[in-house]
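Participant: Could you look at this predicted model? Sequence included:
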Amino acid sequence: MRIIIIGPPGSGKGTQAKKLMQRLGIPHISSGDMLREAIAKGTPLGKKAAAYMKKGDLVPDDLVIEMIIQRLSQPDAKNGFIMDGFPRTLPQAEALDKAFRQFHIKIDCVLHFDVPDEEIVTRNCARRIDPATGVIYNLRFDPPPKAIASRLIQRVDDTEEAMKTRLTKYHSETRAVLPFYEKQKLVRKINGRGSFEDVQKRILKTLGIGSA
Ligand code: AMP
């Protein structure tokens, strides 16, 4: 299956995609995770991307497009993938479409996570990550066990200031990607509110896969 997830920052895309990856046995391709890894490794891409990301700005199209097209050419992406965080602009969607046509690949569906802005700000500012396991917690909705609470970190772009920029970018750039896929009748809207399990059930139902 080839799935693209589009939704505002912190709408649960990454967490849901990771679960789907285990369920479907296909890779989770997250542009945000790939960029954070590039920054951690200090690669040329990471050095270019860091300042944009810290402010909550989008990394320039040419850099992310090249990164994703390269990732898609890896053998593990041959039989499917869950793409999260890309495409985020119309030029990215067009570049992806061109690459898919070249390789005779078809997308099965685009899941559009719908979560209101007020909930996004509340969720993101309370998001914490365990650097040891990569597990994502939320101080309000999904608190961590006490024993690990002191080692949790906050993403540099989960501050209120960066969140405002990220949401503005989402509304001005990323939402413009939806009509591109709507024309191809690929978009399935997912109500992203509620518990992780509730949202997961909605996704599985939409994909026509039975609950675990
Ligand atoms: P995410 O983990 O998807 O929330 O992405 C974190 C940050 O990485 C974003 O705020 C952007 O700065 C950058 N980023 C991730 N994916 C893209 C993309 N497709 N285009 C441009 N910037 C991106």
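Facilitator: Received, thanks. Numbers count the residues shown, from 1 in each chain.
Participant: and the residue of this protein nearest the ligand?
Facilitator: Gly32 (2.0 Å; CB to the nearest ligand atom). Backbone N, C-alpha and C define where each C-beta goes, glycine included.
Participant: Point out where this protein drops to low pLDDT.
Facilitator: 211-212 (pLDDT under 70).
Participant: Near the ligand, which residues of it? Just list them.
Facilitator: Contact residues (CB under 6 Å from any ligand atom) of the chain with the ligand: 9, 31-32, 35, 52-53, 56-59, 64, 85-86, 88, 92, 157, 166.
Participant: who's sitting farthest from the centroid in this structure?
Facilitator: Ranked by distance from the centre of the chain (CA atoms, centre = their mean), the top residue is Ala147, with 28.6 Å.
Participant: my guess is Met163 contacts Arg123, does it?
Facilitator: No. With contact defined as CB atoms under 8 Å, Met163 does not reach Arg123; the gap is 9.7 Å.
Participant: tell me which element Leu111 falls in.
Facilitator: strand 109-114 (DSSP states H and E).
Participant: measure stretch 103-123 end to end?
Facilitator: 38 Å (CA to CA, to the nearest Å).
Participant: So what's the gap between it and the chain middle?
Facilitator: 8 Å (CA atoms, centre = their mean, to the nearest Å).
Participant: Next: stretch 197-205.
Facilitator: Centroid separation between stretch 197-205 and its chain, computed with CA atoms, centre = their mean, is 17 Å.
Participant: In that stretch, which residues are buried?
Facilitator: Within stretch 197-205, the residues that qualify as buried are Val199, Gln200, Arg202, Ile203, Leu204, counting by 16 or more other CB atoms under 10 Å.
Participant: Format those as CSV; extra columns: secondary structure.
Facilitator: CSV is the format used below for the buried residues of stretch 197-205 (DSSP: H, G, I helix; E, B strand; the rest coil):
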residue, secondary structure
Val199, helix
Gln200, helix
Arg202, helix
Ile203, helix
Leu204, helix
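Participant: Buried ones from the residues of the chain next to the ligand, can you make that a ChimeraX selection?
Facilitator: Applying 16+ other CB under 10 Å to the residues of the chain next to the ligand leaves a buried subset, and the ChimeraX line that selects it is:
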select :9,31,32,35,53,56,57,58,59,64,85,86,88,92,157,166
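Participant: Give me the subset of the residues of the chain next to the ligand that lies in helices.
Facilitator: Ser31, Gly32, Leu35, Tyr52, Met53, Val64, Gln92, Arg166 (DSSP state H).
Participant: quick one: the second one and Lys13 touch, right?
Facilitator: Going back to what we said before, that points to Gly32. No. Contact criterion CB under 8 Å: Gly32 and Lys13 do not qualify, at 9.0 Å.
Participant: how about the residue nearest to His28 when sequence neighbours are not counted, what does it touch?
Facilitator: Leaving aside its chain neighbours, His28 sits nearest to Met21 (4.1 Å; criterion: CB to CB, 6 or more residues apart in numbering). By CB atoms under 8 Å, 6 or more residues apart in numbering, Met21 lies in contact with Pro27, His28, Ile82.
Participant: ok, and the most crowded of those residues?
Facilitator: Neighbour counts for the contacts of Met21 peak at Ile82, which has 24 neighbours (criterion: other CB atoms under 10 Å).
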